[in-house]
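J.: Structure for this input, please:
(2 chains)
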Amino acid sequence: MAVFGTSGSRIGGGRGPSFGFRFFCYAVVSVVLMFYDRRGGFLDTARYGLQAAIYPLQLAVNSPSAAWSWLQENFATRENLQAQVDQLRNDLRTQQLVTLRQASLERENATLRGLNTALPDVIERRMVGEVISVELSSLRQRLLVNRGGTHGVYRGQPVITGDGVLGQVFRTGPFSSEIILITDAEHALPVQVVRSGVRTIALGTGRSTSLELPYVPKNYDVKVGDLLVTSGLGKVFPFGLPVARVTKVELFPAEPLARIHAVPLAGIENDREVLFVWERPNHPAATASSEALAVEAPTKPVTTP
Amino acid sequence: MNLARREPRWAVFFSVLLALIAQVLPLPDWLSVVRPSFVALVIIYWSIYAPHAGGIFAPWLAGLALDVFKGDVLAQNALAVSLVAYIAMSLHQRLRNQTLVQQSLFVFAMLTLNEFVVFAIEGWSGHAVSSSWRWLQPMIGAMLWPFVALLAGRTHSRA
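T.: I've put the predicted structure just below:
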């Protein structure tokens, strides 16, 4: 037993094996767990169960802020509510005007594409989820949402808000899921500039108001104010969802690449609701299949899941 | 060795649960970077004063819960916390006779070890996004030690 420590550690004499031996066993179990967790596979189901076990605790931890917003909502004054209703009515009118010509535009688009009928929307189904907790640090930009595997949420599913792309599902539990935001430092998103068609990758910076486009050569056509949409590559997001707006283009004589910064359109500051979307399979705007990827962009990395 | 005194298992359970909540409570960025490992602090306390109440299993489970909670590599905190608990348990007789300040030095070393194990595993598993502020955590943890020890000591003596 000398391997596991001096006799001083054997205080548990008469109570089973020494602490040293027990620690050794747990350490071995830990290393095995880490190894298989890293490899992925059967531990995913274990994690799925553990997520369910920890869910009540997560709710408890976030109950103070939830209670606060509940109080605020319930004690809102009549004037505030009236102002909110007016605002919403106004927004609705604007939206109606924007979408007024949608049907005829879709028809026109179909004619231009040489199709007999207009295509349905690439988003087949959507589901609203409520944010339970928010982690916005420089190391992690994550959300916990109250929809999980039992609601059909899957790993790698796109998550959007009314303004644009928010992130994708990183991990699911039965009743909750963890979402990695596009601004997380470990997230990369294939995007396209609407105006010029330039395709590149938008990396998260760890700040919730900033994205980086580090792989654009200086002679490419990207300007301040350009709208970035998902390019449909990367097998996660369908084509054409708004992502961000370019805020800064820096050119340095000594560097072959431009330094481009963009601000994401979707934010979680305003509302605590997000949308899970299911895309229509075999739609032209759906995520590129692996064969299409191989032809179109052989060297482009896929997004981190 | 069968002492008549009951082991404070419930106190261990609830204090670890509380520490877990304190550990994952949403805080502003600048605060959460320097937030010490409350779980490790509480575990060190029980390892010194009631090493048989939870054994190595309780620290391991607490660490695992932390892993699931924070979405880290499974068992990285479990390994770090149980290592710290093991060392504290091995030295518990000597540590009990020390003053709180002397214990703080030991706690500082243990929290640094805890942080280092987590840091090493993060690096190994490819999650090396890190801030150098994290090395301030053990310092703050060591400064908090007397308070933790006094607080936990109350529940202990009553249990």
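J.: need the contact list for residue 69.
T.: By default, I'm working from chain A. By C-beta atoms under 8 Å, 6 or more residues apart in numbering or on different chains, residue A:69 lies in contact with residue A:272. All C-beta atoms are positioned from the backbone trio N, CA, C, and that covers glycine.
J.: try chain B instead
T.: So residue B:69 contacts A:54, A:57, A:58, B:20, B:23, B:24 (C-beta under 8 Å, 6+ apart).
J.: ok, of these, which come out buried?
T.: Burial by neighbour count, 16 or more other C-beta atoms under 10 Å in any protein chain shown: within the contacts of residue B:69 this picks out A:54, A:57, A:58, B:20, B:23, B:24.
J.: Quick one: residues in contact with the helix or strand where residue A:105 lies.
T.: Residue A:105 is located in helix A:102-113, with elements delineated by DSSP states H and E. With contacts defined as C-beta under 8 Å, 6+ apart, helix A:102-113 is touched by A:116, A:117, A:118, A:119.
J.: likewise stretch A:206-216?
T.: By C-beta under 8 Å, 6+ apart, the residues outside stretch A:206-216 that reach it are A:136-139, A:141, A:181-185, A:189, A:191, A:198, A:200-205, A:222, A:228, A:243-244, A:246, A:257-264, A:267, B:129.
J.: Among the contacts of residue B:69, which one sits closest to residue B:33?
T.: residue B:23 (13.3 Å; C-beta to C-beta).
J.: Which of the three states applies to that closest one?
T.: With DSSP: H, G, I helix; E, B strand; the rest coil as the basis, the three-state label of residue B:23 is helix.
J.: got it, and residue A:263?
T.: Under three-state DSSP, residue A:263 falls in the strand class.
J.: Not including adjacent chain positions, what is the nearest residue to it?
T.: Nearest-residue entry for residue A:263: residue A:247, 5.1 Å, with adjacent residues in sequence omitted and distances by C-beta to C-beta, 6 or more residues apart in numbering or on different chains.
J.: my guess is the one you found meets residue A:265, correct?
T.: No. The pair residue A:247 / residue A:265 is not scored as a contact, 11.6 Å apart, by C-beta atoms under 8 Å.
J.: Show me which of these two is the more surrounded one.
T.: Counting neighbours by other C-beta atoms under 10 Å in any protein chain shown for residue A:247 and for residue A:265 shows that residue A:265 has the greater number, 20 against 15.
J.: Surely that one and residue A:242 touch.
T.: Yes. Between residue A:265 and residue A:242 a contact is recorded at 5.3 Å, counting by C-beta under 8 Å.
J.: So for those two, which residues contact both of them?
T.: Jointly contacting residue A:265 and residue A:242 under the rule C-beta under 8 Å, 6+ apart are A:163, A:164, A:165.
J.: which residues in the chain form helices?
T.: Chain wasn't specified; assuming chain A. Assigned by DSSP state H, the helices in chain A fall at A:19-39, A:43-61, A:63-74, A:78-99, A:102-113, A:290-296.
J.: that's the wrong chain, I wanted chain B
T.: B:9-24, B:29-33, B:38-49, B:51-54, B:57-70, B:76-90, B:92-96, B:100-124, B:137-158.
J.: want to try a markdown table for these, with distance to residue A:43 and mean pLDDT as columns?
T.: Converted to a markdown table, the helices of chain B look like this (distance: least, C-beta to C-beta, whole Å; pLDDT from 0 to 100):
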| stretch | distance to residue A:43 | mean pLDDT |
| --- | --- | --- |
| helix B:9-24 | 21 | 88 |
| helix B:29-33 | 27 | 77 |
| helix B:38-49 | 22 | 93 |
| helix B:51-54 | 25 | 84 |
| helix B:57-70 | 11 | 90 |
| helix B:76-90 | 13 | 94 |
| helix B:92-96 | 34 | 91 |
| helix B:100-124 | 15 | 92 |
| helix B:137-158 | 28 | 82 |
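J.: how about these in JSON lines, adding distance to residue A:238?
T.: Listed next are the helices of chain B as JSON lines, based on distance: least, C-beta to C-beta, whole Å:
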{"stretch": "helix B:9-24", "distance to residue A:238": "34"}
{"stretch": "helix B:29-33", "distance to residue A:238": "32"}
{"stretch": "helix B:38-49", "distance to residue A:238": "42"}
{"stretch": "helix B:51-54", "distance to residue A:238": "50"}
{"stretch": "helix B:57-70", "distance to residue A:238": "31"}
{"stretch": "helix B:76-90", "distance to residue A:238": "35"}
{"stretch": "helix B:92-96", "distance to residue A:238": "59"}
{"stretch": "helix B:100-124", "distance to residue A:238": "33"}
{"stretch": "helix B:137-158", "distance to residue A:238": "42"}
